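Enquirer: please work out how this folds:
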Amino acid sequence: MRRRENFAVSNNKRPKNWDVGFRMKKWWAVGVFFVGMVSACGTTFAQELGQGDGVMDRARPEYDAKGLPLGGFRLFPVFDGTAGYDDNILRQQSAPDVINSIFFKEDGSLMLRSNWGRHELDLFGGADTVQYLDLSSENNTN
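Expert: Numbers count the residues shown, from 1 in each chain. Reported below is the predicted structural model:
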């Protein structure tokens with residue numbers, strides 16, 4: 001009579017290496033899934049950032065200037081003011097001719113941008129001014 005082995009759950013007899021093989025297959029599948037997900041995510045991030053894009057190069061619409069509405073245009077004003085001290089205004093070599101002074105520097109610009117649907121027009125203008133307290137002949141405006 002032929003001996004027949006039954007591996008049904010009711011008699012709880014399984015081959016000795018069955019459990020080890022099943023665990024290896026399960027962990028192999030988990031490993032393949034994990035490697036696939038990591039490589040897919042890495043490819044996605046690389047495509048979003050682009051080559052050489054830094055943090056400040058990315059689009060940040062929540063920080064963009066809104067501008068002031070002027071009919072079919074928007075006005076974007078910018079002003080920057082600084083103060084400093086120059087210990088040799090005239091850039092003289094000898095000590096008796098050296099003149100020092102506190103200075104104020106103002107940088108201002110305006111950009112007028114159209115918000116038309118079909119065409120675009122941008123106008124830009126600016127001025128840089130340096131004013132010395134002790135030697136007004138060296139004040140300049142660009």
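Enquirer: contact partners of stretch 82-97?
Expert: With contacts defined as C-beta atoms under 8 Å, 6 or more residues apart in numbering, stretch 82-97 is touched by 98-105, 132, 134-135, 138. (Glycine included, C-beta is placed from N, CA and C.)
Enquirer: give me the mean pLDDT for it.
Expert: Average pLDDT, stretch 82-97: 88.
Enquirer: sorry, back to before: of the contacts of stretch 82-97, select the buried ones using a ChimeraX command.
Expert: The buried subset of these, as determined by 16 or more other C-beta atoms under 10 Å, is captured in ChimeraX by this line:
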select :101,103,132
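Enquirer: and of the contacts of stretch 82-97, the nearest to Ala59?
Expert: Of all the contacts of stretch 82-97, Ala59 sits closest to Lys105, with 31.3 Å by C-beta to C-beta.
Enquirer: which residues touch the helix or strand where that closest one lies?
Expert: Using DSSP states H and E, Lys105 sits in strand 101-114. Identification of contacts with strand 101-114 by C-beta under 8 Å, 6+ apart yields 67, 70, 72-86, 89, 120-135.
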